[in-house]
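**Student:** Below are the sequence and a predicted model for it; my questions follow.
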Amino acid sequence: MAHPYGMAAKMTEQQSSPEARPEAREFREYCRRWLEENRPPPTETPLPQASYEVTYDDHRAYLCDWQAKCYEAGLIATDVPKVYGGHGYENFQSIASDEVRRSKVPYFLNWIGLGMVAPTLLIHGSEEQKKRFLKPIFSAEEIWCQGYSEPGAGSDLVSLQTSAVKDGDQWIINGSKVWTSLGSLASWMLLLARNDKQDKYNGITCFLLPIDQPGVTVRPIHKMTGECGFCEVFFENAIIADDLRVDDVGAGWKVAMSTLTSERGAAAGVGAVTHTESPLSSVRELIELAKTTKRNGVPVWDDPVWRDRIVKLYIRIEAIIQHARRAPIEALNGGAMRLPLQSKVVGSEIGQDLNATALGVLGMQSSLYVGDEHAVRNGRWPLGYMNSYTGTISGGSSEIQRNILGERILGLPKTK
Amino acid sequence: MAHPYGMAAKMTEQQSSPEARPEAREFREYCRRWLEENRPPPTETPLPQASYEVTYDDHRAYLCDWQAKCYEAGLIATDVPKVYGGHGYENFQSIASDEVRRSKVPYFLNWIGLGMVAPTLLIHGSEEQKKRFLKPIFSAEEIWCQGYSEPGAGSDLVSLQTSAVKDGDQWIINGSKVWTSLGSLASWMLLLARNDKQDKYNGITCFLLPIDQPGVTVRPIHKMTGECGFCEVFFENAIIADDLRVDDVGAGWKVAMSTLTSERGAAAGVGAVTHTESPLSSVRELIELAKTTKRNGVPVWDDPVWRDRIVKLYIRIEAIIQHARRAPIEALNGGAMRLPLQSKVVGSEIGQDLNATALGVLGMQSSLYVGDEHAVRNGRWPLGYMNSYTGTISGGSSEIQRNILGERILGLPKTK
Amino acid sequence: MAQPQDFGFDDDIVMLKDAANRFLGQRQTLVQLRASLKGTEDPYRGEERQGWYDPAAWQEMVDLGWAMVPVPESAGGLGLGLVAAVAIQEEIGRAACPTPLSSTLQATFVLKEAQADAHLAKIAEGSSMALALFGEDGAPDADSTTVTANGNKLSGTSSYVQDAQKVDGFIVAAKASEGLGLYWVPKESVTIHRDRIVELTRDQARIELKNVEAEVIAEPGSGEQVMARALPALLTLLAADMAGAAEWQLQTTAEYAKLRVQFERPIGFFQAVKHPIVNMMIAADETRSLVYNAACAYDHDPEDALRCARMAKASASETAAFCSNRSTQLHGGIGFTWESDVQIYHKRQMHSQFLFGDASWQRQKLAELL
Amino acid sequence: MAQPQDFGFDDDIVMLKDAANRFLGQRQTLVQLRASLKGTEDPYRGEERQGWYDPAAWQEMVDLGWAMVPVPESAGGLGLGLVAAVAIQEEIGRAACPTPLSSTLQATFVLKEAQADAHLAKIAEGSSMALALFGEDGAPDADSTTVTANGNKLSGTSSYVQDAQKVDGFIVAAKASEGLGLYWVPKESVTIHRDRIVELTRDQARIELKNVEAEVIAEPGSGEQVMARALPALLTLLAADMAGAAEWQLQTTAEYAKLRVQFERPIGFFQAVKHPIVNMMIAADETRSLVYNAACAYDHDPEDALRCARMAKASASETAAFCSNRSTQLHGGIGFTWESDVQIYHKRQMHSQFLFGDASWQRQKLAELL
């Protein structure tokens, strides 16, 4: 259950705006056309709502295939230098990602690789690491997961206990990780482990861990939805060669923070697209649902109390869309990070409210779940409601986010 | 701006219930009749909504008169032993107070005396103090105020700095108090002062301070309503004889807590009635307001969104009324203090919401204030809205109340 | 009409409530429920889920006399009324216990209002039954039914029937030309189409009736009135269940906040955790007080019963939504896992929230009474 | 229609906004306002309160060209549109400044939609005016007016007129047999009945017209359309004022939380204080983004202007209520005193909340567009 970075990406979705450069206009046109022409047929069983919920092998095969195609077409790693397997454009990635979201094609499975590992390697990786690992990330040949959270270290990440002990030119890893999205599909893990128990912040090192080895056991965890959306990973004398260490020994916390707090790097850097539903499309769907759901022959939309609640959401979602427009304007944004740092907590809470409201619109019909022939959109709304807690809990819970906002943006004293 | 103890009293208002004892039935009948026959004529300018908001001399004279009459009639100090000026009944006070509230006669001005000073003296006072001070409290011959809060010690009461230095058989007081309700009308103050700077909790002593002396200056503070509802009080070598000390030197914190946390003692003990509007009567008035306020010819009550909001309040207020019924039932109350300790935070927040909702019902009409000929009920709703912050801030803010509830009732770790 | 100040919770009922609490605590039904769910977790590829319950526990409940608690003495019951039934239902909710007793208690009050002593007697003897009232759109009115009656023959489909796989028979609302009637049909004469639902502690189904022979409980035309009189009891029972579940959510979250350490403190130290838990308590308590009041009103002041019951269910629905949300959020990742009981209560509360109408529905109907 | 990505906030407008911020900051109008309030505090026994403002500051604003900012060039103005006007109004709100400019900016957009160049020219030259639109019930529609027009003669009373004591004349909505018309009347020809209001930074009055000679701005029958086109601008200006005030409430409360020490910590350390302040920021930011969007839509995409403006005012009203409530609560007793500026903003926001319709009114009207 790593942070759904797609949320941040969703929040920055913008209205179509006139392109400044003609070559940008042309590139957008190209993306649009390519996506139209290459839209893949639907899967047999429907894909989950977001890429971090994928667990089945057939979905995996289908999505890897799709990602590889999009990479070949230049929609992924668009702005990455060619020497690392990228396409070498400048400022085209956001156009490509925009179009991917807009066209409602499937998302990209290797979102942790694209959203976190690649940006991390581009900043902190050695030349060899970049050349070895980036291309298979882009093409989805190698799926990545992330090993940050531990049973005792959720919100309080820095208290992680998984140990890394140097032994010649390799490291011995013991401990465990939890809430590992894609854990059962991944062959590599971006790992944080503790090399020094005495030094809380400077005793953590970042590694690239090969999962297919005897010392690593992956156990899927079922979510409340019943899906197995994430895993526990246990290390018993797992081994990592020292050249798979990222940056210096003890630099792990710095490495992790530079990815976690860099919106650009993490969310949009090389084209991670984890959702193809936007908040705006969701609220439009909700309005449609209220107009078509009838009780005693009367549409729920005609009930002013429900309508008021839905319109409240509609307004807040429009505000988020306008945030994205306002954020780059220095004179209006109240500081560079003020709006971006709000996006996760606001987006995830509105998303939860939106799904809860949909259940209210459905009334008793909301009880019908995936697989029920009478379920509205095969149980999409109760499923979405339950999965919405991923957004408010993981990747820094709403509580932690509010601490960060109060402290970093408003300068209030640190709670801890 | 001391704690409006009336709130707690309001919360315990109960539906008429069959009296167990015939003499109780008879006493209730007597109270009801007496109040009907002796209802005083209205004042020239209307009384404020609650007794802790009284500041004018004509109101003072009128209310002292009224309290004296009620005391004579046995509605005050009903259960207090005759030797201390009481009427010597048993368990009749709650009946008398019930009837006072029900009959919508004026409240009692000397509410701090009745609600706090008298209970404190009955528990902690010397025999002489009881005989000297109780009767004039009951009869309103001497008005009391309370000196607990200081500019630097609001929520954090124990950090109070006003000093008390022993000098022979008297004490010299220096410092200041703030948010002193009735400060400009009172002749006595129940004072907490620090006799020992080293010992935070055991360095505080409780005194009975005569206000009319050169060392005491009282300065009224205007509230946001414009009323001067409370005062600052400054001590410059003010003098208190040692026999006006309550309980032991250093026992002040203990004394204060025993009154502050004893619901029975503080709220209902000797018949403090600070409001004659109950939440139930307020919400009924709000419903009536919504039914009679029209916009474009349509009553606001016919707007389902407003109706829903009002009915929400109606339900919560009914819950509070039922709390009072449930609280004494051991098998259902979840512990003796669980419901009583909720009453202040819940009551004051619902009261605030109720007043805010009334402003919404009034729309632009809510702008019209006291003295405007078109103002609904002479500005009662905006006045009530603003004064509602007394309830959520003073006497332990809602934030402090939630700490107390979490720690004392649910056993959560102490925040401080 | 004068109501007892203690809500009618006399010593006998308090003892009954304590006994129910102990019994349900000891049975640990959820442990058994989990065994039955093994392999069914995945909503796309898991095995079919059944409406599991513990038949032995149900038999014990019958032996303990719980089913006959609100059955009138004239029909061989204890005649203890809604206050007593609510005492049991609150404990069932607290235990999130899958049991036909929930539906059977509801059915009892419908039968009681219909003065259907013969069927009440069956309940007193251990028979179970559920209500089949709603049409496909799930509107919370008995007259949303799309089942039709032709003489004693019923045809059509009744939707959102609770505990359908657990009970021996159904009380079906059906429309005849004279108006709404209520009927009893045995399990055997209907086809049960199990719904695939989110909730794990109840089962739900559409029951299909094809010209089925039925026994009349309320004559066509009298069904509306019977249901109107029974509705306060149904709402109150449901609200009691939700109040019990909310108390579990509160206590469990508070306990977790004392144990779970982050930033070198039990998380309950932090006001961002402490204050929401206090708000859960405030919400749960409001609901409980309104539930006891509603039960007492039904037993002692029927004129006021509907007003009180709508308040209880409105409050219960708000409380259920809030406590479910906060219990999951404050448990962090753990509460979001299948393994945690937090999700079981969350789903039960989501389900109960909408049964017989959600909070805003109740408030809308309540407004008509003010 | 294509909207500029930067909301139309070009460098000139950004400079204008900065200049307004500095100017209003230096004037410290609230210090002067307080002097005018001396002795009027007590609502029962205080002296009469007047609609004070600083005429010198107003003259300076005129000299700086603020009044002519949105006046079309054809009428001698700068023709900068709503985005620029909103930039100024947001700063007025942040300063809670009593000034006839607020009403005059509103009037400008009504005149602009009526193409009343002669009156616009007066504004460009420094004349001030206010809108007189509403009937006694304060329904937020121009056709709630109870003033009637008989030819060029107006009779009746217009309620809830803002800044009435500060302006030189009024734009009055009046009903003639052909429909709604808009008229200009000079201050001298009406009787101003000052309302006693809660708000301290505005004055409000009923203006009484007795067969008053008026100049036609929009012919009878065309008034509805003019008002419909102007409404998005009026809502957006108001929302901008509220966004500015909310930002003040946010910053002031955050600063207080850093300085005020309780329990040996600045209170901003405690999440019970920190998190609500963050929620104030979240609310204030949503409103601001919607305000800029609404202003830009009015200038560049009039078809969408009403939808955007209703969103802005709905959000502003919610934000104003929330930030006012939290700013007073988190300031503890201090924010509740007359001496604190917190109460001045609280009252200004309460007042703005309901002007031209509150949040739920806006949402109701917005729903019709979805």
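**Tutor:** Perfect, I can see it now.

**Student:** Which residue comes closest to C:L24 once chain neighbours are left out?
**Tutor:** Using CB to CB, 6 or more residues apart in numbering or on different chains and skipping residues adjacent in sequence, the residue nearest C:L24 is C:A95, 3.8 Å away. For glycine as for every other residue, the C-beta is placed from the backbone atoms N, C-alpha and C.

**Student:** Just after the helix or strand bottoming out on mean pLDDT in chain C, pick out the following helix or strand.
**Tutor:** The weakest-scoring helix or strand in chain C, judged by mean pLDDT, DSSP states H and E, is strand C:261-262 (a mean of 90). Tracing the chain C-terminally past strand C:261-262 and defining elements by DSSP states H and E, one meets strand C:265-266 next.

**Student:** What ranges does the chain have for its helices?
**Tutor:** Picking chain A for this. When secondary structure is read from DSSP state H, chain A shows helices at A:6-11, A:22-38, A:57-72, A:93-102, A:111-112, A:118-124, A:127-138, A:252-260, A:263, A:279-292, A:304-326, A:343-362, A:380-393, A:398-404.

**Student:** nope, chain C please
**Tutor:** Secondary structure of chain C by DSSP H: the helices cover C:11-27, C:29-37, C:55-64, C:81-95, C:100-113, C:117-124, C:223-259, C:271-300, C:305-330, C:341-354, C:359-367.

**Student:** residues from chain A in reach of chain B?
**Tutor:** Within chain A, the positions lying close to chain B (CB under 8 Å from any CB of the partner chain) are A:D303, A:P304, A:V305, A:D308.

**Student:** Excluding sequence neighbours, find me the nearest residue to the last one.
**Tutor:** Yep, that's A:D308 we're talking about. Once its chain neighbours are removed from consideration, A:D308 has its nearest residue in B:V305; the separation is 4.9 Å (CB to CB, 6+ apart).

**Student:** pretty sure that neighbour contacts A:R309?
**Tutor:** No. The criterion here is CB atoms under 8 Å, and B:V305 misses it with A:R309 at 9.2 Å.

**Student:** contacts for stretch C:38-45?
**Tutor:** By CB atoms under 8 Å, 6 or more residues apart in numbering or on different chains, the surrounding residues in contact with stretch C:38-45 are A:45-46, A:56, A:222, A:225-228, A:369-371, A:379, A:383, C:46-49, C:196, C:338.

**Student:** interface residues of the stretch 51-200 of chain A facing chain C?
**Tutor:** By CB under 8 Å from any CB, the part of the stretch 51-200 of chain A that sits against chain C consists of A:Y56, A:S149, A:G152, A:G154, A:S155, A:D156, A:S159, A:V178, A:W179.

**Student:** Give me the buried subset of the residues you listed.
**Tutor:** When these are checked for burial by 16 or more other CB atoms under 10 Å in any protein chain shown, the buried set is A:Y56, A:S149, A:G154, A:S155, A:D156, A:S159, A:V178, A:W179.

**Student:** who's in contact with the first one?
**Tutor:** The neighbourhood of A:Y56, defined by CB under 8 Å, 6+ apart, consists of A:T45, C:Y44, C:R45.

**Student:** what does the stretch 151-300 of chain A put close to chain D?
**Tutor:** Residues of the stretch 151-300 of chain A found near chain D (CB under 8 Å from any CB) are A:I287.

**Student:** Can you get me a residue count around residue 328?
**Tutor:** I'll assume chain A. Other residues within reach of A:P328 by the criterion other CB atoms under 10 Å in any protein chain shown amount to 12.

**Student:** Chain C was what I was after
**Tutor:** The burial metric for C:T328, expressed as a neighbour count using other CB under 10 Å, is 25.

**Student:** Would you check how far apart the spatially closest residue to it that is not a sequence neighbour and chain B are?
**Tutor:** If the residues on either side of it in the chain are set aside, C:T328 comes closest to C:G335, at 4.4 Å by CB to CB, 6+ apart. Applying CB to the nearest CB, to the nearest Å, the value for C:G335 to chain B is 17 Å.

**Student:** so C:G335 sits right up against C:D341, yeah?
**Tutor:** No. Between C:G335 and C:D341 there is no contact under CB under 8 Å: 9.2 Å.

**Student:** Serialize the helices of chain C to TSV and add fields for mean pLDDT.
**Tutor:** Supplementary listing: those in TSV, determined by pLDDT from 0 to 100:
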stretch	mean pLDDT
helix C:11-27	94
helix C:29-37	92
helix C:55-64	95
helix C:81-95	97
helix C:100-113	97
helix C:117-124	95
helix C:223-259	97
helix C:271-300	97
helix C:305-330	98
helix C:341-354	97
helix C:359-367	96
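
**Student:** and chain A, what are its domains?
**Tutor:** A:18-141, A:145-261, A:279-409 (automatic domain parsing).

**Student:** Around chain A, which positions in the stretch 51-200 of chain C sit nearby?
**Tutor:** Taking CB under 8 Å from any CB, the part of the stretch 51-200 of chain C that reaches chain A is made up of C:134, C:136-141, C:144, C:159-160, C:195-199.
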